[in-house]
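>>> need a 3D model of the sequence below.
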Amino acid sequence: MKTRTRSAELAAQSDVVELIPALRAFARTFCPKPEEADDLVQETLTKALANLDKFEPGTRLKSWLFTIMRNTFCTRFKKSSRETVGLPEGLSAKLTTEPTQEWTVQADEVRRALDRLPAHHREMLVLIVMLGERYEDAAEICGCAVGTVKSRLSRARQQLRRELGDMGNDSPVG
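Sure thing, here's the model as predicted:
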């Protein structure tokens, strides 16, 4: 390696500064976003100035800088394919899955509580709450009066609330 004089090094630094517009234009071919292109130029300049003593006088400084930029971009690209710095907005919500254990346990508790109901109460809950039948249709299906349907449904809901306790208002008993 050749030792440089201080004035030669300052001249080379000045030449590097003059090439900044060309570096920015070249960086835009790699990076569509202006801020990313500016980051690439900055990283290229940092590397070039730190290694200016390795530049061979008499060769093209512009080509040397462009080579540094291309290599810097390729290194960044390889790194980015191996690591995820962040996720696009909204994507992280799609990547998570709510835990199902709690819902499974609650569903089992509701099922067991339904099984303990008298058959005519369970029938009303299933017809009206779960299947969405109207009171009149449920009365016709079961062969009883609408008032009886309402009474059985009310008793079924009360019993389920007692048995399920503090499961909250998310239970299917209304």
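>>> for stretch 68-78, what is the average pLDDT?
Mean pLDDT, computed over stretch 68-78, is 89.
>>> please disregard the earlier target; I meant stretch 37-47.
Averaging pLDDT along stretch 37-47 gives 94.
>>> just how off-centre is that stretch within its chain?
Centroid separation between stretch 37-47 and its chain, computed with C-alpha atoms, centre = their mean, to the nearest Å, is 30 Å.
>>> ok, and for it, which residues are buried?
With burial defined by 16 or more other C-beta atoms under 10 Å, the residues of stretch 37-47 counted as buried are 37, 40-41, 43-45. Where you see a C-beta, it was placed from the backbone N, CA and C, and this is true even at glycine.
>>> what's next to it, contact-wise?
Contacts to stretch 37-47, defined as C-beta atoms under 8 Å, 6 or more residues apart in numbering, come from residues 16, 20, 23-24, 27-28, 30-31, 65, 68-69, 72-73, 76.
>>> now do stretch 142-156
Taking C-beta under 8 Å, 6+ apart as the rule, stretch 142-156 contacts 117, 120-125, 127-129, 135-136, 138-139, 173.
>>> 10 Å instead?
Residues from elsewhere that reach stretch 142-156, judged by C-beta atoms under 10 Å, 6 or more residues apart in numbering: 114, 117-118, 120-129, 133-141, 173-174.
>>> before we move on, back to that, buried among the contacts of stretch 37-47? Make that a PyMOL selection.
In PyMOL syntax, the buried subset of these is picked out as below (16+ other C-beta under 10 Å):
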select buried, resi 16+23+27+28+30+31+65+68+69+72+73+76
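>>> any chance you could list what contacts the helix of greatest length in the chain?
Secondary structure of the chain per DSSP state H: the longest helix is helix 61-82. Residues outside helix 61-82 that contact it (C-beta under 10 Å, 6+ apart): 12, 15-16, 18-20, 22-23, 26-27, 29-31, 36, 39-41, 43-48, 51-52, 54-56, 60, 85.
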